[in-house]
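> predicted model, plus sequence, below.
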Amino acid sequence: MTQHRHLTSPLSLRGHTLRNRIVFGAHTNNMSDMGLPGPRQGKYLLERALGGAAMVVCEPVPAHRTGVLTRGNLLPESDQIIPHFQRITDEVRAAGAVVIQQIYHVGAHGDSDLSFQPHFSPSGGPSYHDSDGSHRMTVNEINEVLDAHVAAAVRAKACGFDGVEVWAAYHSLLDQFWTPWSNTRDDDWGGSLENRTRFSRTLIDRIRRTCGEDFVIGLAISYSEVFSEVTLSAENLCEIIALHDATGHVDYVTVGAGSYLDFERIIPPFTHAEKLTTPLTARLKGIVKHALITSEAGIRTPDNAETILASGEADLVSIVRGQIADPHLARKVMEGRAEDIRGCISCNQMCWGRRSRDYWISCLINPSAGREFEWGGDRFPPATQKRSLLVVGAGPAGLEAARAAAERGHSVEIVEALPVIGGQFRLAGQQPRRAQILDLMEWYERQFAKLGVTLRLNTFLDADEIAAHPADTVILASGSLPEEGGFQRWLPHEPMLPGLENGHVHSPEAILRREVRPGNEVMLYDEGSNWRGVGTAWWLAEQGHRVTIVTPEPYVGKEISRTAADGAARRALAAKGARFVTESLIARWHGNGATVRSLLTGEETQIPASALVMCTTNRSFDPFPESFPGKETHRIGDCAAPRLAAYAFHEGRKLALAL
């Protein structure tokens, strides 16, 4: 039934049988309600269990009030969470998954705005989360935090969890104890390896004695080569894990990437390689005698996972964003339907992008994520009354509306004026390292074929043709067009770009469609500070153009900093010789260069350029009447208001579920 023989094979874990090797690993979903787990969090986890995940590791609970990191975290040190979690764990286990809770303390890197506590750490080092310092723990405080971890494990057992995952990753509290750079103590908790691991070994031993032999205990670690002068080496980590494994108390070790000193690899965006942790997991497999080894970070597809397992580099794989994007990934693999998996595009826009702003997480291509309790999961109940739908426009909004409506049994025809689907989102797939978007377009085409959706390309319908169409429901998803006048929002008194008449001014869409030849020296004005501008500049640089980016923002890629990809993009641009001019605008375009004005000083500078690419806010394209007689009419996506792709996918699915 499946080509993924290793991935679908069962495995024993301290008396539990895992139905496959796919873990929905721990991550901060930020979905608690005043610190208590509720329907949003519960149904989010349940959907992945229903989708076939063998083990679901729940949102980390702070062990102690001094380690709180996010607004949406669960209440620390509180039994109030128990009855709420009991309902959730009962459902997840009934769906066939082993359910684990991660326990964490972030040590020096807490968030004072949320905890209003001094952040405990081994030696009082600085935070790499913000500019705060931390508090050097006394011996009594060390014992207090140990007690809090054990109490959290006992609480997790009362909640119905099958075990806990102790967090020692990303330079957390335990990692801070392990690392000589952040542990400069000269007592029993610092110095030698035995002393530096005393906290974690004592903690795990006490959990085992308190919670019993049938309780699963996992350990989460991570590895990074950035700042290798101070962080733990692979050799160090192997020695530490061997020491813990020798106790027989640790049932599995999950290996992630990155740290607070190497943040972008914790949730690696598409700018980074995949399978980041396998070099270390392969070494650990040759060392441990008891624990199973789980690889995570950049394991996006079943093929990636199968390769890791088949080569003996790990026992389990943690696929988090892949199961956010498609919660039924595991079930589809088990059924031999890997081609039906909606693949994660590693964009980080709505998962880490929302979490970084302290919202509950979702997904750009799966807007049901976080809304499972409202929308019935990522499933599509048959419509009570079947309709005939005409969808105009095959960008993100139209694609998702057509697919989801067809899933519900509606008869769907979708028309697109261009010869390919995807609209502007497809153009983004032509930017460097973004081909996963093109994979998504192929997935939509496969789903349309399976669902019987009629797709007509190279088809532009005018208002009369739409009115004459036999469909009873019209969905307008005609998208948006670039602002032809070059209006800059930080030059609001000028309705058009001064000097527009001098020519050689283009949109990023025209550049990516290769409709123009912009010459060697290209200036790109990036008002959105997102991938539309940054990705186009990167593409131009890769094509050999010398690029100058002008932006009113304080740094290039400000809007994509929430995805942890901005640093990688700036490094790539800098390596290609791109010039960055920040906190500035285009005062006048001359046809062969621009007068650039500083927003800080008002100083104007002449910068030569053969072409100007204006990445400013688009305008909706909606040439149709308000409604069509005898037809129910809906407008979704950019034709309602130009926005990021996530909101177009959301509106498409939301409408389809309502029809």
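In hand now; what should we look at?

> and the strands in the stretch 351-500 of the chain, which stretches?
388-392, 411-415, 454-456, 473-476, 480-481 (DSSP state E, counting those that start in this stretch).

> adding distance to residue 93 and mean pLDDT, write those out as JSON lines.
From N, CA and C alone the C-beta is placed, and that goes for glycine too. Below are the strands of the stretch 351-500 of the chain laid out as JSON lines (distance: least, C-beta to C-beta, whole Å; pLDDT from 0 to 100):
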{"stretch": "strand 388-392", "distance to residue 93": "40", "mean pLDDT": "98"}
{"stretch": "strand 411-415", "distance to residue 93": "38", "mean pLDDT": "98"}
{"stretch": "strand 454-456", "distance to residue 93": "42", "mean pLDDT": "98"}
{"stretch": "strand 473-476", "distance to residue 93": "40", "mean pLDDT": "98"}
{"stretch": "strand 480-481", "distance to residue 93": "47", "mean pLDDT": "96"}
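
> what's near enough to touch the residue lying closest to residue 382 once chain neighbours are set aside?
With C-beta to C-beta, 6 or more residues apart in numbering as the measure, residue 409 is the residue that lies nearest to residue 382, at 5.0 Å, once sequence neighbours are left out. Neighbour list for residue 409: 382, 383, 386 [criterion: C-beta atoms under 8 Å, 6 or more residues apart in numbering].

> contacts for the worst-scoring helix or strand of the chain on mean pLDDT?
Ranked by mean pLDDT, DSSP states H and E, the weakest helix or strand in the chain is helix 112-115, scoring a mean of 84. Under the criterion C-beta under 8 Å, 6+ apart, residues 65, 66, 67, 68, 69, 70, 71, 73, 119, 130, 132 lie in contact with helix 112-115.

> residues touching residue 576, list them.
For residue 576, the contacting residues are 538, 541, 542, 547, by C-beta under 8 Å, 6+ apart.

> flag the shaky bits of the stretch 301-450 of the chain, pLDDT-wise.
Of all residues in the stretch 301-450 of the chain, none has pLDDT under 70.

> nope, the stretch 1-150 of the chain is what I meant
Residue ranges of the stretch 1-150 of the chain with pLDDT under 70: 1.

> same thing but at 90, please
Low-confidence segments of the stretch 1-150 of the chain, defined by pLDDT under 90, span residues 1-3, 67-73, 110-115, 125, 127-132.

> for it, what spans make up the strands?
Taking DSSP E, counting those that start in this stretch as the criterion, the stretch 1-150 of the chain carries its strands at 11-13, 16-18, 22-24, 55-62, 98-104, 120-121, 135-136.

> what's the answer for the stretch 501-650 of the chain, then?
Assigned strands in the stretch 501-650 of the chain, in chain order: 505-506, 521-526, 546-550, 579-581, 584-589, 593-598, 604-608, 611-615, 619-620, 632-635 (criterion: DSSP E, counting those that start in this stretch).

> export those to TSV and append columns for mean pLDDT, distance to residue 6 and mean neighbour count.
Compiled in TSV, those are given as follows (pLDDT from 0 to 100; distance: least, C-beta to C-beta, whole Å; neighbours: other C-beta atoms under 10 Å):
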stretch	mean pLDDT	distance to residue 6	mean neighbour count
strand 505-506	98	50	22
strand 521-526	98	45	25
strand 546-550	98	45	23
strand 579-581	98	46	16
strand 584-589	98	54	22
strand 593-598	98	56	20
strand 604-608	98	56	13
strand 611-615	98	45	26
strand 619-620	96	49	16
strand 632-635	98	46	17
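
> as JSON lines, those strands with distance to residue 79 would be great.
Output for the strands of the stretch 501-650 of the chain, formatted as JSON lines (distance: least, C-beta to C-beta, whole Å):
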{"stretch": "strand 505-506", "distance to residue 79": "62"}
{"stretch": "strand 521-526", "distance to residue 79": "51"}
{"stretch": "strand 546-550", "distance to residue 79": "53"}
{"stretch": "strand 579-581", "distance to residue 79": "52"}
{"stretch": "strand 584-589", "distance to residue 79": "55"}
{"stretch": "strand 593-598", "distance to residue 79": "57"}
{"stretch": "strand 604-608", "distance to residue 79": "63"}
{"stretch": "strand 611-615", "distance to residue 79": "52"}
{"stretch": "strand 619-620", "distance to residue 79": "52"}
{"stretch": "strand 632-635", "distance to residue 79": "48"}
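
> which one of these lies nearest to residue 179?
Each of those was scored for nearness to residue 179 using C-beta to C-beta, and the closest is strand 579-581 (34.3 Å).

> okay, the nearest residue to residue 583 once chain neighbours are set aside: pLDDT?
In space, residue 583 comes closest to residue 599 once its chain neighbours are excluded; the distance is 4.7 Å by C-beta to C-beta, 6+ apart. The confidence metric pLDDT takes the value 98 at residue 599.

> residue 599 against residue 585, yeah?
Yes: under the contact definition of C-beta atoms under 8 Å, residue 599 touches residue 585, with a separation of 6.5 Å.

> identify the contacts common to those two.
The contact sets of residue 599 and residue 585 overlap at 490, 552 (C-beta under 8 Å, 6+ apart).

> strands along the stretch 201-350 of the chain, start to end?
Applying DSSP E, counting those that start in this stretch to the stretch 201-350 of the chain gives strands spanning 216-223, 252-257, 292-295, 316-318.

> format these as a markdown table; extra columns: distance to residue 160.
Formatted as a markdown table, the entries for the strands of the stretch 201-350 of the chain read as follows, by distance: least, C-beta to C-beta, whole Å:
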| stretch | distance to residue 160 |
| --- | --- |
| strand 216-223 | 13 |
| strand 252-257 | 19 |
| strand 292-295 | 22 |
| strand 316-318 | 22 |
